[in-house]
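Asker: Could you work out the structure for the sequence below:
(chains A, B and C)
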Amino acid sequence: MILTFVEQADGRPDRSSLEALTAARPLAEALAVPLAAVLFGSGAVAVADELAAYGVGAVHVIEDERLTAYAPAAWGRSVAQLVSATSSTVVLAAGTDRGQEVLAYAAALLEAPMAANCIEIRPGERFEVTRQRWGGSLLEDARLDGSVCFMTIAEHANQPEEARAPGPVSVSPFTPTLTDPDLRVRVVARVAPEVGKISLADARVVVGGGRGVGGAEAFSELEELAGLLRGAVGVSRVVTSAGWRPHSQQVGQTGTRIAPDLYIACGISGAIQHIVGCKAAKAILAINTDREAPIMARASYAVIGDLHAVVPAISAEIRRRQAS
Amino acid sequence: MNVLVCVKRVPETGGRVTLSADAREIDTRYLGFTVSPHEECATEEAVRLIEANGGSSTVLTLGPEAASDQLRAAMAIGVDRAILLETDGQDWDPMATAGAIADAIRAESAAGVDYDVLLFGNEAADSGDFQVGIRVALALGLPCISGVKSLEIKDGVATARREAGGGWEVFEVPLPAVVAVREGINLPRYPSVPGRLRAKKKEIERFVPTARPAGPEKIRLRLPAETEGRVEILGSGAEAAPAVVDLLQRIGVLA
Amino acid sequence: MIGAGIVGNSMAYHLARLGWRDIVLIDKGALPNPGGSTGHASNFIFTTDHNKEMTAFTLDSVRQYKELGVFTQSGGIEVARTPERMEEFKRRLASAHSWGIDAELITPDRIRELVPYIEESILLGGFYTPGVGVVDSLRAGTLMREAAVEMGALTVSALTETTGIDVVDGRVTAVHTDRGIIQTEAIVIACGIWSPRIARMAGASIPLTPAVHQMISVGPVPAFADTVGEITFPIVRDMDTNMYERQHGGDLEVGSYAHRPILMSPDDIPSIAESAQSPTELPFTDDDFDVQMEQALELVPEILRDERVGVRYAINGLLSLTPDGMPILGETPEVHGLWSVAAVWIKEAPGIARAVAEWMTHGTPEIDPHSSDIARFYDHQRVSAHVDARSAEGFNKTYGIVHPMEQWASNRNVRLSPVNIRQRELGAVFFEAAGWERPFWYGANEHLLAEYGERVMPRAAEWESRWWSPIINAEHLAMRDRVGLVDLAAFAIFDVSGPGSMEYLQGLVVNQVDVKVGRVIYTPLLNGAGGIVADLTLIRLGRDHFRVVTGGGLGMRDKKWFADHLPADGRVQVHDLTSALYTVGVWGPRSRDLVQSLTSADLSNAAFPFGTARTVDIGSVRTLMSRISYVGELGWEIYAPMEQGLKLWDLLWTAGQPHGVVPVGIGVYATTGRLEKGYRAHGNELELDFDLVEAGMARPTVKDADFVGKTAYLAQRDAAPVSILCTLTVDDPTSASGVRRYMLGREPITKPDGGFLVDAKGRRSYATSAGSAPSIGKHVLLSYLPPEYAVEGTKLAVEYFGERYPVTVAVVGSTPIFDPENARIRA
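Answerer: This is a model prediction of the structure:
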């Protein structure tokens, strides 16, 4: 069986998990094994139908009131116990924070290997995977050997696709055996996002600023444009290293991975460490004085010029059209 | 308080990456070496913890003799001790790496050094395995928090925060604990000249770790296919604004 | 124009200014910083160099940078930790005075006043130049490039990589790039460390090597927190540790030339795409910098001991080194129309660009680039084994105390005279010239010291007894008394032949060449502006056959000059016989007796007068004997096939025994013998910025035939000279501490009170040459003096190691101080 850890919120599966299921399905077909999902938390049952559309035949819901709050070690042990109980040979998850973390625990508990951020899995006597290294700027072909193999699927590497012939889905609860040490690590509090604030990871438009912005003050121009577009501001590593903006706005290998409809890259040259964080954008508009900056090779659209002239002009034009 | 920070020597990439002839490594002829930004922050955090709480910090790496440079870089910003688990330079898989680090920590404990906080970067810059810290924690029976961007230690309890969905998740664990940190937890300092000179003179404790390869097993590296897009120039300077707004409306991000 | 660093941009500007149009500037990198050495340069300019040419380029560059508004004057202090360095600063001050630079020696307290963060207790003093400063070289390049575009002269194409150069019939025709082909008749290679690679595409060579210069930047420096702009405090060069420390905004940059030489091959430089930073900013190797770090800590402890000050940037920057430390300028000898402007640093780039642009435009640069001329290299100096060895050896001399006669240690014994084995037997001490090992003096002559006693003018001071021996003066006296053998294998010799030879040479040299066969002609050569480009000897061997004999050091340059002026119709050929012909000089009152004993030819003055040449069989060797002398004695230069050189030497040596023959080294030939006779040497007295009238070399009449520079020469003859070359004698060489001191050349000549002598063209008077004149028992100097001081008997002074020594103008013009009637030569 192929077991996929599915993340959900309010009864809807996360898009990344659907990407993982989309990657899992052909694998299940090739191995001629059923595709199952494991979920945590209330509302998990409601997700089952939607998962069926992605080819999931069995949904395992972990039931334990102590696990309502996210508890990575306990979640991992639960998955590990389910793997053993269901004799799963392949365990997948999305390459999200939780996906990586839960699978790493489960793999460690079962002393099994885990390949993170795979973009291709080739079944065979042993699994051969292609996975991302260096945040995706380099690929690795690797072999995976073990009675159970754990793999996470890189985010934004594919599009979620429903199965052509979805079958019936069974829903069964699973009660793990947990000890106190498993529960030491769990979310004890949450700080909600600021009201009305659009998170960088989810924004449809991201207005990015790099070294070319020139200083902390000048970001007001970018903030204004992002506000008009109901988007978020993102920055390159140079900007956070200089202390101009907080790290939470950093886009890139060691910051946030974004996948907006449009990324407006202002004064960003386009170092590879930044590109891997924004390459999932549907389109990139580069605003740069240097026509030959590396970002231009990645951009679909460009304006050549000083961002301090261009960005306010765009904001003014938006206002003008909105007013008329 | 004793703090351990684990780092990994990686090439300092910036330009176009080229591969070695056998495609198993990056061609590092023109490259310097460093550790991942996460680990730079982990190292800074280790120094700050000792500055605030007293005690001793130790940096550990598994890698070739040349990785002494990265140990010295950590000592240059204030880490007290360094341990090199010396390999022949081949990449170790994450299970083998975690096993060797756990062995070393047990050996330290046997020698009377018990760590209160074991810091890791959330993932290595090169291999991006996302699991070494967790595997070490489980091997040692310690709690582990990943993705940490804020850490407070008080009365034997670590309070850690990480970003989630635009807000924060807060964790509390008793020490000793493993903490895998992310860039942004702090702004690392640059080494001072005296710091570098002190680091040069310090001993590096060397051990030969036992290798227990378990996978994944690297076959080869590949460069992703370049998607050489054709950029459409919308105009120059402020005059391009109407064309930009047309585009925003066309692709539907502006009503 | 290939390369858009400071050199390429400056070249584009100056060519445009001089009227060139349709210039294309290409670079494989992006603008304004395409990734070459300009982009990471520390950008500061210290003006004083012992080398006149480099100083002139630097001063001109500072003037241009100021005009562009990109120069920030900060002052600069070179500091001394050792007494040797303090002595060097006195010598440096003399050079500053010779080249007209405002500088002074200052105390440690004064250093601390100017640079408050320095630890003055470890210093003995400093050499302070108020005019030192920093430039924004990228900005300067942009401004010059834009100015050329403004003039409608320049098209700029960045991100355009040169892939090939077409050469047809020895002349460039096109540059191939990854974006198309450019047809052109002139290509300038301004590619810094990549220059050898580009030159090779055309089959030419630019012998430089990329080398690492380490630099770190630390900050934020609290002491700089309140300063405005890039630099407030003077730049410090810590000469004894080969390092510099300079403010850069809130940071302090520390650079080093002290680490081991780290050379690279131009083929091993990463591409722009492959580079983490830029192709010339390589990863820092901190092991190489450790020792320097400790030394820097000693000098600027207040900043570097501060734990809050971090190392924010550290690179192994690449720059260009050459085998002799000089730039590589001019048209390549291999390919017409292919110009090199390479191994040029920020401090001298615009000045060099102006000179090369003038050179390309009308052939007459204002500043004489002869030491930097690409044509100076022999083939053996173009091979990487030589380039690497000498560049590595030279690297650590960047801030060194380099004696003017200091010899290279690496890659020696490259060119050996056929009599080298005898020279070794005679205990020769070898100095190198153009790769040739030449005896400077012979240990076997030590016994002459007893013979001549105090007349050898022994030297007590260490500096001027370095690379010197009193044996030189003893050899000199023995030659004057008896006869000496001088090995001259290093001469460069070309034969000019063909039906157009006479006409060709007549148009090229100043003096009359339409002379009888067998006549020897000494003549200068001028450029179109009347500047002196060479002086050499011609021998008319036949109606259509001349032999050119010139110094080894200048041979390749002179050869290119001859080749460049050859008529296109093929009626004249130039053949290089340097490696085919051996030369030995036999000079002294008994030289005739010596040679006569070996030949039946009539060598009497009547039969073989001065200034003639004849074929003479000496023993079993058929030779060409030419009766001339550079040492002012009766005698001959004798030419023979190279492989018979040893036989000839042995014959002369054996026959000379009854005449008391001595082997005589180049110390006599190039210095003492020459100076006593007031003979001018190229590179010393003869340079583009002096003319024949000033040099006292104008003949009473000018030949009717036209020749290069004639118009200018005639005008010079009509004008009153602005300076006149004189021979001066040192009246009393005793220093304040009672030691006799002997100048070595390039020292300022002043009024007795120390006031500088400046001629109407703004040139200061300095000793163009200096050396012993053992025959008259004086130390003599040659110097161009303004006419009011060029009067025999005028009392002046020479500045040497911080003291003034009284000198007297002994001779005005070219009359020799020894044997003014030239009776010996004509004996």
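Asker: alpha carbons only for contacts and neighbour counts from here, please
Answerer: Will do.
Asker: Check the secondary structure at residue C:211 for me.
Answerer: Using DSSP: H, G, I helix; E, B strand; the rest coil, the structure places residue C:211 in strand.
Asker: what residues are up against the nearest residue to it once chain neighbours are set aside?
Answerer: For residue C:211, ignoring the flanking residues on the chain, the nearest one in space by C-alpha to C-alpha, 6 or more residues apart in numbering or on different chains is residue C:263 at 4.3 Å. Residue C:263 makes contacts with C:209, C:210, C:211, C:212, C:388, C:392, as judged by C-alpha atoms under 8 Å, 6 or more residues apart in numbering or on different chains.
Asker: beta partners of the first one?
Answerer: Spelled out, that is residue C:209. residue C:321 (DSSP bridges).
Asker: Does residue A:91 fall in a helix, a strand, or a coil region?
Answerer: Following three-state DSSP, residue A:91 is assigned to strand.
Asker: Tell me, how many residues neighbour it?
Answerer: Neighbour count for residue A:91, taken as other C-alpha atoms under 10 Å in any protein chain shown: 26.
Asker: And it, how close does it get to chain B?
Answerer: 14 Å (C-alpha to the nearest C-alpha, to the nearest Å).
Asker: Mind picking the two most distant members of the contacts of residue C:263?
Answerer: Within the contacts of residue C:263, C:212 and C:388 form the most distant pair, 12.8 Å apart (C-alpha to C-alpha).
Asker: Report the rounded mean pLDDT for stretch A:117-125.
Answerer: Per-residue pLDDT over stretch A:117-125 has a mean of 91.
Asker: And the contacts of it?
Answerer: By C-alpha under 8 Å, 6+ apart, the residues outside stretch A:117-125 that reach it are A:23, A:27, A:30-31, A:94-95, A:127-132, A:151-155, A:157.
Asker: Among the residues you listed, name the buried ones.
Answerer: Buried residues within the contacts of stretch A:117-125, counting neighbours by 16 or more other C-alpha atoms under 10 Å in any protein chain shown: A:23, A:27, A:94-95, A:127-132, A:151-155, A:157.
Asker: what about residue C:606, neighbour count?
Answerer: For residue C:606, the count of nearby residues is 9 (other C-alpha under 10 Å).
Asker: That one: which element?
Answerer: Under the criterion of DSSP states H and E, residue C:606 resides outside all helices and strands.
Asker: what does chain C put close to chain B?
Answerer: By C-alpha under 8 Å from any C-alpha of the partner chain, the residues of chain C that approach chain B are C:218, C:270, C:272-277, C:282-284, C:290, C:293-294, C:304-312.
Asker: Can you flag which of those belong to helices?
Answerer: Mapping the residues of chain C next to chain B onto helices (DSSP state H) picks out C:290, C:293, C:294, C:304.
Asker: Can you show me the helices along chain B?
Answerer: Ranges of helices in chain B, per DSSP H, are B:37-53, B:68-76, B:94-110, B:132-140, B:193-201, B:241-250.
Asker: Please export the C-alpha coordinates of the second one as CSV.
Answerer: What it means is helix B:68-76. Coordinates of the C-alpha atoms in helix B:68-76 are reproduced here as CSV (Å, rounded to 0.1, in the frame of the first residue of the first chain):
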residue,chain,number,x,y,z
SER,B,68,38.0,22.6,9.8
ASP,B,69,37.6,26.0,8.0
GLN,B,70,33.9,26.0,8.9
LEU,B,71,34.6,24.9,12.5
ARG,B,72,37.1,27.8,12.8
ALA,B,73,34.6,30.2,11.3
ALA,B,74,32.2,29.2,14.0
MET,B,75,34.8,29.6,16.7
ALA,B,76,35.7,33.0,15.2
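Asker: The buried ones among the contacts of stretch A:117-125 in strands, which ones?
Answerer: A:94, A:127, A:128, A:129, A:130, A:131, A:132, A:151, A:152, A:153 (DSSP state E).
Asker: on that earlier part again, are any of the residues of chain C next to chain B buried, and which?
Answerer: Buried by 16+ other C-alpha under 10 Å: C:218, C:270, C:272-277, C:282-284, C:290, C:293, C:304-306, C:308-311, out of these.
Asker: Close to chain A: what parts of the stretch 51-200 of chain B are there?
Answerer: Residues of the stretch 51-200 of chain B lying near chain A (C-alpha under 8 Å from any C-alpha): B:95, B:125-131, B:134-135, B:138, B:143-147, B:165-174, B:182-184, B:187.
Asker: out of those residues, which are buried?
Answerer: Among these, those classed as buried by 16+ other C-alpha under 10 Å are B:95, B:125-131, B:134-135, B:138, B:143-147, B:166, B:168-174, B:182-184, B:187.
Asker: Return the residues of chain C in contact with chain A.
Answerer: Residues of chain C lying near chain A (C-alpha under 8 Å from any C-alpha): residue C:30.
Asker: In chain C, what residue comes closest to chain A?
Answerer: Closest residue of chain C to chain A, C-alpha to the nearest C-alpha: residue C:30 (7.0 Å).
Asker: and that residue, that's in a strand?
Answerer: No - counting by three-state DSSP, residue C:30 is not found in a strand; it is coil.
Asker: which ones are touching it?
Answerer: Listed by C-alpha under 8 Å, 6+ apart, the contact set of residue C:30 reads A:292, C:158, C:159.
Asker: just curious, which of the residues you listed is nearest to chain B?
Answerer: Chain B lies nearest to residue A:292 out of the contacts of residue C:30, by C-alpha to the nearest C-alpha, at 11.1 Å.
Asker: So what does the closest one look like in phi/psi?
Answerer: Residue A:292 adopts backbone torsions of phi -100, psi 10, taken as degrees, to the nearest 10.
Asker: how close does it get to residue C:270?
Answerer: For residue A:292, the distance to residue C:270 equals 19 Å [C-alpha to C-alpha, to the nearest Å].
Asker: same thing with residue C:549?
Answerer: From residue C:549 to residue C:270 the distance is 46 Å (C-alpha to C-alpha).
Asker: Please apply the same query to residue B:45.
Answerer: Taken as C-alpha to C-alpha, the span from residue B:45 to residue C:270 is 35 Å.
Asker: What sits closest to residue C:33 if chain neighbours are left out?
Answerer: Ranked by C-alpha to C-alpha, 6+ apart and with sequence neighbours excluded, the top spatial neighbour of residue C:33 is residue C:39, at 5.6 Å.
Asker: and if you look at residue C:36?
Answerer: residue C:280 (5.7 Å).
Asker: and chain A, which residues reach chain C?
Answerer: Counting by C-alpha under 8 Å from any C-alpha, chain A comes close to chain C at residue A:292.
Asker: just checking, what's the longest strand in chain A?
Answerer: Chain A, longest strand under DSSP E: strand A:114-122.
Asker: Just the buried positions in that one, please.
Answerer: For strand A:114-122, burial by neighbour count (16+ other C-alpha under 10 Å) applies to A:114, A:115, A:116, A:117, A:118, A:119, A:120, A:121.
Asker: ok, so what distance separates the fourth one from residue A:132?
Answerer: What it means is residue A:117. Here residue A:117 is placed at a distance of 6 Å from residue A:132 (C-alpha to C-alpha).
Asker: Could you name every residue contacting both of those two?
Answerer: residue A:154.
Asker: where do the strands sit along the stretch 1-150 of chain A?
Answerer: A:2-5, A:8-9, A:12-13, A:35-40, A:58-62, A:90-94, A:114-122, A:127-133, A:138-144, A:149-153 (DSSP state E, counting those that start in this stretch).
Asker: Could you name the helices and strands sitting against the helix or strand following the last one?
Answerer: Proceeding N to C from strand A:149-153, the next assigned helix or strand is strand A:170-174, under DSSP H and E. In terms of contact count using 3 or more C-alpha pairs under 8 Å, 6 or more residues apart in numbering or on different chains; DSSP states H and E, strand A:170-174 is assigned the packing partners strand A:58-62.
Asker: In the sheet, which strands lie alongside the strand it packs on, parallel or antiparallel?
Answerer: Sheet pairing here is set by DSSP bridges, and for strand A:58-62 it gives strand A:35-40 (parallel), strand A:170-174 (parallel).
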